[in-house]
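*Asks:* coords please:
(one chain, ligands or ions: 1)
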Amino acid sequence: MATSSRKTALTALSEVTENEGYSNIVIDKAIRAAELSPRDAALTSTIFYGVLEKRLTLDFYIRKFLAKPKQKLDGTVLNILRIAVYQMMYLDRVPDSAAVNEAVLCAAEYRRGQYKNFVNGVLRSFARGWHEVIIPEDDLSVRYNIPQPIIESFKKDYGETVCIDLLKAMSERAETYIRINPLKTTADDLIQSLPENTAEKAVLQNALCVHGTGDVTGLPGFAEGKFHVQDLSSQLLCAFVSPQPGERLADVCAAPGGKSFTLAEYMENTGVLDAFDLYKGRVNLIKKGAERLGLSIIHAAVRDAATGVCEKQYDRVLCDVPCSGLGVIRRKPEIRYKKQESFKELPALQLKILEHSAQLVRPGGILFYSTCTLRNAENGAVVTEFLKCHPEFEPYDLPETEGISHTVNEPKFMRTMMPMDHGGDGFFAAAMRRKTETGKETKR
Ligand SMILES: C[S@@+](CC[C@H](N)C(=O)[O-])C[C@H]1O[C@@H](n2cnc3c(N)ncnc32)[C@H](O)[C@@H]1O
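*Replies:* Residues are numbered from 1 along each chain as shown. The predicted structure is shown next:
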């Protein structure tokens, strides 16, 4: 039996807030289970992501209309209030009365209706008074919906001014980028085959920005392997790696495969590309994608990048390590609520992966390190520590890319990419070269 949009959003939000589910997986599952019409599914998705993104602002407002602002609220009741308040504050097309009535209906079905009057009362006073409430100028956390510890970390690593620019950029919606498969099509041909005004060329060659298309996997050309979805910063990282046709490359943390696919395209599907990941299910995603794109040089296999055995040597090795993901908050809003303690172990694991993978690099070959986070402890600090302990490696400068600026001032072998630089996600890249006995340069 079909269920309402708000009820479905509530189920999905509880799954994310209480069980730390991944937003994209949780919402897809909830919408399928509720058998919603496409229109209701779109509304559910808007409410679900909106509440996740704006949670700190919503909670700030809700507390202004509680009799006891510090009172601890039941998790489900709080989510019912957030859903209604989000609609009243941000969705012009939903009348306040509809948002309140739906919330009261949800409350009536929860715990034998014991919170029904409470929800009704809070929402009615909110509807009357919220326009008068002002968020204090200096409350960046509520203003930009980023928890204070993350703001402190941005300030410490990048300074106050960059931090504020970053918070602003992170509150914008992220664009969707796709990567053309040059083995099968060209940017011009693909743009022509898509509905008018849905795609335009991005700043990097073979990158397109697409808008208003909904699920891109339904677009013409996807099933034929003419493109894959990949953020612009991730594509820029591949431009840094820039493997040549015929080379040997290992991507040691490769799933779901976005970078491996682009790198194999750089190699014109010649040479060797070994794409590893720790989890079998995720390795299967690489296999499926490579098959769809016709990238036969990709060999995907399960391997632990921190301990796994591999006898081969490669020209280039990419370590796109697991990280806290603070650079992709726009796409995965729940990341901002992860507990800071969960980040503690990451630098040690990242360094371990980097050191173990360094053994795979041939003399004169290049080792790349990347993350999708904006935290020096997981970025520059890991690479600096690696170079300190491995004199057999030296910094290898990354190229400048025409039309792309970078905010952070750092050595040329490191590059921090921020959403305000070019619209892509927050990423970090670094490159190091294994010295040869003769010290001869490797061609780029
Ligand atoms: C940032 S994601 C990689 C994204 C991928 N490079 C892409 O562009 O699609 C990090 C990956 O590392 C994998 N991973 C985590 N720990 C690992 C380990 N010890 N060895 C290998 N892979 C690992 C995760 O399963 C995840 O797929």
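
*Asks:* burial count for the residue of the stretch 1-150 of the chain found nearest the ligand?
*Replies:* Proximity of the stretch 1-150 of the chain to the ligand (C-beta to the nearest ligand atom) peaks at residue 22, 12.3 Å away. The C-beta positions use only the backbone N, C-alpha and C, and glycine is treated the same way. By other C-beta atoms under 10 Å, 13 other residues sit near residue 22.

*Asks:* wait, it touches residue 331, no?
*Replies:* No. In this structure residue 22 lies outside contact range of residue 331 using C-beta atoms under 8 Å: 11.1 Å.

*Asks:* and the strands in the stretch 251-400 of the chain, which stretches?
*Replies:* 272-277, 298-302, 314-320, 361-371, 393-395 (DSSP state E, counting those that start in this stretch).

*Asks:* any chance of those strands in CSV, plus mean pLDDT, distance to the ligand and mean neighbour count?
*Replies:* Converted to CSV, those look like this (pLDDT from 0 to 100; distance: least, C-beta to the nearest ligand atom, whole Å; neighbours: other C-beta atoms under 10 Å):
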stretch, mean pLDDT, distance to the ligand, mean neighbour count
strand 272-277, 98, 5, 24
strand 298-302, 98, 8, 19
strand 314-320, 98, 4, 25
strand 361-371, 98, 7, 22
strand 393-395, 98, 20, 16
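
*Asks:* so what's residue 109 up against?
*Replies:* Counting by C-beta atoms under 8 Å, 6 or more residues apart in numbering, residue 109 touches residue 7.

*Asks:* wait, I meant residue 216
*Replies:* Contacts of residue 216 by C-beta under 8 Å, 6+ apart are 176, 178, 210, 222, 229.

*Asks:* any chance of the strands of the stretch 251-400 of the chain in a markdown table, with distance to residue 435 too?
*Replies:* Formatted as a markdown table, the strands of the stretch 251-400 of the chain follow (distance: least, C-beta to C-beta, whole Å):
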| stretch | distance to residue 435 |
| --- | --- |
| strand 272-277 | 23 |
| strand 298-302 | 28 |
| strand 314-320 | 15 |
| strand 361-371 | 7 |
| strand 393-395 | 6 |
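
*Asks:* closest one to residue 434 among those strands?
*Replies:* strand 361-371 (4.7 Å; C-beta to C-beta).

*Asks:* any weak-confidence spans in this structure?
*Replies:* Scanning the chain for pLDDT under 70 picks out 1-3, 438-444.

*Asks:* quick check, central residue of it?
*Replies:* In the chain, the centroid-proximal residue (C-alpha atoms, centre = their mean) is residue 328; its distance is 3.1 Å.

*Asks:* that residue contacts residue 371, correct?
*Replies:* No. In this structure, residue 328 is not within contact of residue 371 by C-beta under 8 Å, at 10.2 Å.

*Asks:* looking at the strands of the stretch 251-400 of the chain, which is nearest to residue 155?
*Replies:* strand 361-371 (19.3 Å).

*Asks:* about what we covered before: what about the contacts of residue 216, which one has the most neighbours?
*Replies:* residue 178 (27 neighbours).

*Asks:* and that residue, bridged to which residues?
*Replies:* Residue 178 has the following beta-bridge partners by DSSP bridges: residue 208, residue 229.

*Asks:* what about the one residue in the stretch 51-200 of the chain that gets nearest to the ligand, neighbour count?
*Replies:* For the stretch 51-200 of the chain and the ligand, the shortest gap (C-beta to the nearest ligand atom) falls at residue 179, measuring 10.8 Å. Neighbour count of residue 179, defined by other C-beta under 10 Å: 25.

*Asks:* ok, residue 377 next?
*Replies:* Residue 377 - counted by other C-beta under 10 Å - has 17 other residues nearby.

*Asks:* ok, now the one 3 residues further on?
*Replies:* Using other C-beta under 10 Å, the number of residues around residue 380 comes to 18.

*Asks:* pretty sure it sits against residue 414.
*Replies:* Yes. Judged on C-beta under 8 Å, residue 380 makes contact with residue 414 at a distance of 5.7 Å.
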